[in-house]
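In: Take a look and give me a structure for this.
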Amino acid sequence: MTKPSESGKEILLMIAGLKGAIGSTLAVAVQALHDDPDLILPYLMTADKLPLLGNSPRFQIAGWDCSAGSIQEALTYHQVLDQRLWASYAKALTEIPVRIAPDDTTALQDQTRLLAGHIQEFKAAYPQALPVFVNLLPAGRCCDLASFTNIEALYAHREPIDMPDLAYVIAAIEAGVPVVNFTPNEVEIPAVLHAAQAKGLPLAGRDGKTGQTYLKVVLASALRARKLLVNGWYSLNILGNADGENLMAPENAACKLTNKTSVLENTLGYQPGLKRYAQPSHTVRIDYYAPRGDAKEAWDVIDFEGLFGLDMSLRLNLQGRDSILAAPLVLDLARWMAAMQMTGRSGPIAELAFYFKTGIGAHTAETFEDQLAVLKALEKSCNTMTAT
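Out: Take a look at the predicted model:
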């Protein structure tokens with residue numbers, strides 16, 4: 001059996017979208033972990049867990065982006081972190097391997113071959129690290145690729161496939177690298193799942209649950225536990241980063257809105273408003289508002305009833321930082337993926353639904369307490385494997 005590492009297994013993050021708001025924040029976080037770990041470790045859920053990976057979380061980072069600019073320029077553009085927080089890491093940031101993203105109008109197999117070469121370069125640069133691919137590409141159009149049951153069929157498809165993420169995921173799987181899909185894009189299609197199972201690789205996704213939706217699951221679980229019937233839920237998000245601007249295109253927002261909407265029905269076990277109004281009463285809006293930048297703001301109005309059917313209402317206002325909430329979850333998920341691979345788990349890891357709006361795999365837990373319970377059980381199983 002695999003024994004726990006004394007010094008800690010190093011994980012190599014391979015990030016698609018490395019110069020985005022979350023990706024560039026992660027680049028700084030990885031450097032901070034090397035030099036100033038107290039800035040990062042207290043905010044990781046797995047910092048003192050998963051002894052299979054050793055005593056202290058350690059990371060390297062590499063990846064891809066369509067921008068030819070530097071990571072420092074990306075940090076300045078996104079304005080997630082003040083320069084004083086990353087200036088001391090400037091030299092290390094310039095040394096991070098970053099490759100230009102493939103042309104997504106070319107054949108899927110050609111894209112995959114190019115990315116496969118990059119993956120081998122990254123692995124050669126950090127030969128002792130455990131590689132994990134993380135998809136941070138922008139939300140795209142919803143694509144129905146359920147009819148494709150193997151990768152060869154995707155390669156043979158004559159029409160362009162409008163999902164840039166797919167080439168990265170296939171390249172990662174073919175290279176034996178676990179996959180985290182933090183985006184709303186549905187890359188976990190049958191062809192991908194079958195390929196991952198055949199390679200013995202774990203996958204986690206879909207659509208990271210960072211701020212408003214995380215609190216929505218917590219509140220909905222609490223209302224469900226108290227037998228308080230929800231008759232309506234209105235959610236508004238405003239954000240001014242590149243993600244918010246991208247989501248102003250209805251075709252790009254569709255999958256994101258589906259994920260944010262379905263999570264409430266799944267958590268409650270019913271559609272809010274259906275009993276009282278004979279139609280669902282759950283609205284989710286996302287609006288781009290440039291002054292907010294990455295400092296996302298979210299409002300929720302929750303209407304519910306109690307004894308005698310009497311109405312009550314709750315208001316929630318979240319003023320969050322999108323990338324600051326997301327980055328530690330990515331680090332945690334990468335550690336989970338490395339541990340899952342070391343313990344022989346493959347395919348979708350349903351127990352990681354805690355981290356996502358739409359968990360993948362069979363029988364994913366829906367309520368907050370159930371998601372925490374299965375996550376703790378997963379940790380226990382990893383620790384048992386470590387001690388064996």
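In: what's the spacing between stretch 110-127 and its chain's center?
Out: Relative to its parent chain, stretch 110-127 has a centroid offset of 22 Å by C-alpha atoms, centre = their mean, to the nearest Å.
In: okay, it in CSV with CA atoms only?
Out: Only the C-alpha atoms of stretch 110-127 are listed here, as CSV (Å, rounded to 0.1, in the frame of the first residue of the first chain):
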residue,chain,number,x,y,z
ASP,A,110,-4.9,18.5,-33.9
GLN,A,111,-5.7,20.6,-30.8
THR,A,112,-5.4,17.6,-28.6
ARG,A,113,-2.0,16.6,-30.1
LEU,A,114,-0.6,20.1,-29.4
LEU,A,115,-1.9,20.1,-25.9
ALA,A,116,-0.5,16.6,-25.3
GLY,A,117,3.0,17.9,-26.2
HIS,A,118,2.6,20.8,-23.7
ILE,A,119,1.5,18.4,-21.0
GLN,A,120,4.6,16.3,-21.5
GLU,A,121,6.7,19.5,-21.3
PHE,A,122,5.1,20.5,-18.0
LYS,A,123,5.5,17.0,-16.5
ALA,A,124,9.2,16.9,-17.6
ALA,A,125,9.7,20.3,-15.9
TYR,A,126,8.3,19.0,-12.6
PRO,A,127,9.0,15.2,-12.7
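In: residue contacts, the residue nearest to Ala222 when sequence neighbours are not counted?
Out: Leaving aside its chain neighbours, Ala222 sits nearest to Phe368 (7.7 Å; criterion: C-beta to C-beta, 6 or more residues apart in numbering). Yep, even glycine has a C-beta here, placed from its N, CA and C like the rest. If a contact means C-beta atoms under 8 Å, 6 or more residues apart in numbering, then Phe368 has 217-218, 221-222, 267 as its contacts.
In: Per-residue pLDDT of Phe368, please?
Out: Looking at Phe368, its pLDDT stands at 97.
In: Same question for Lys19.
Out: Lys19 is given a pLDDT of 97.
In: what about it, how many residues close to it?
Out: Applying the criterion other C-beta atoms under 10 Å, we find 26 residues in the vicinity of Lys19.
In: So it sits against Val98, correct?
Out: Yes - the criterion here is C-beta atoms under 8 Å, and Lys19 meets it with Val98 at 7.2 Å.
In: Next, show the common contact partners of these two.
Out: With C-beta under 8 Å, 6+ apart, Lys19 and Val98 have common neighbours 65, 71.
In: in the helix-or-strand element of the chain with minimal mean pLDDT, what's buried?
Out: Across the helices and strands of the chain, mean confidence by mean pLDDT, DSSP states H and E is lowest for helix 242-246: a mean of 81. Buried residues in helix 242-246, counted by 16 or more other C-beta atoms under 10 Å: 242-244.
In: Look up which helix or strand Arg158 falls in, please.
Out: Here Arg158 sits in a region with no helix or strand, counting by DSSP states H and E.
In: tell me the contacts of Ile100?
Out: 64-66, 68 are the contacts of Ile100 under C-beta under 8 Å, 6+ apart.
In: just the strands in the stretch 151-300 of the chain please.
Out: 179-181, 202-205, 229-239, 282-288, 297-305 (DSSP state E, counting those that start in this stretch).
In: neighbouring contacts of the longest one?
Out: I take that to be strand 229-239. By C-beta under 8 Å, 6+ apart, the list of residues contacting strand 229-239 reads 212, 216, 220, 223, 244, 260, 264, 268, 272-273, 275-277, 281-289, 292-306, 311, 322.
In: Can I get the buried part of the residues you listed as one ChimeraX selection?
Out: Paste this into ChimeraX to select the buried members of these, with burial taken from 16+ other C-beta under 10 Å:
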select :212,216,220,223,244,260,264,268,272,273,281,282,284,286,288,292,293,294,295,296,297,298,300,302,303,304,322
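In: And Lys256, what's its pLDDT?
Out: What the model reports as pLDDT for Lys256 is 73.
In: on that earlier part again, what subset of the contacts of Ile100 is buried?
Out: For the contacts of Ile100, burial is judged from neighbour counts taken by 16+ other C-beta under 10 Å, and it is met by 64-65.
In: which one among the contacts of Ile100 gets closest to Leu39?
Out: Within the set of the contacts of Ile100, Asp65 lies nearest Leu39; the separation is 24.1 Å, counting by C-beta to C-beta.
In: quick one: which helix or strand includes the nearest residue to that closest one once chain neighbours are set aside?
Out: Once its chain neighbours are removed from consideration, Asp65 has its nearest residue in Lys19; the separation is 4.0 Å (C-beta to C-beta, 6+ apart). Following DSSP H and E, there is no helix or strand that holds Lys19.
In: Which neighbouring residues are in contact with Lys19, exactly?
Out: With contacts defined as C-beta under 8 Å, 6+ apart, the neighbours of Lys19 are 65, 67, 69, 71, 74, 98.
In: Under the pLDDT cut-off, which ranges of the protein? List them.
Out: Low-confidence segments of the chain, defined by pLDDT under 70, span residues 1-7, 252, 386-388.
In: which stretches of the stretch 101-250 of the chain form helices?
Out: For the stretch 101-250 of the chain, the helices identified by DSSP state H, counting those that start in this stretch occupy 108-125, 151-156, 165-174, 190-199, 212-225, 242-246, 250-268, in order along the chain.
In: Pull up the distance across stretch 266-274, start to finish.
Out: Using C-alpha to C-alpha, to the nearest Å, one end of stretch 266-274 lies 14 Å from the other.
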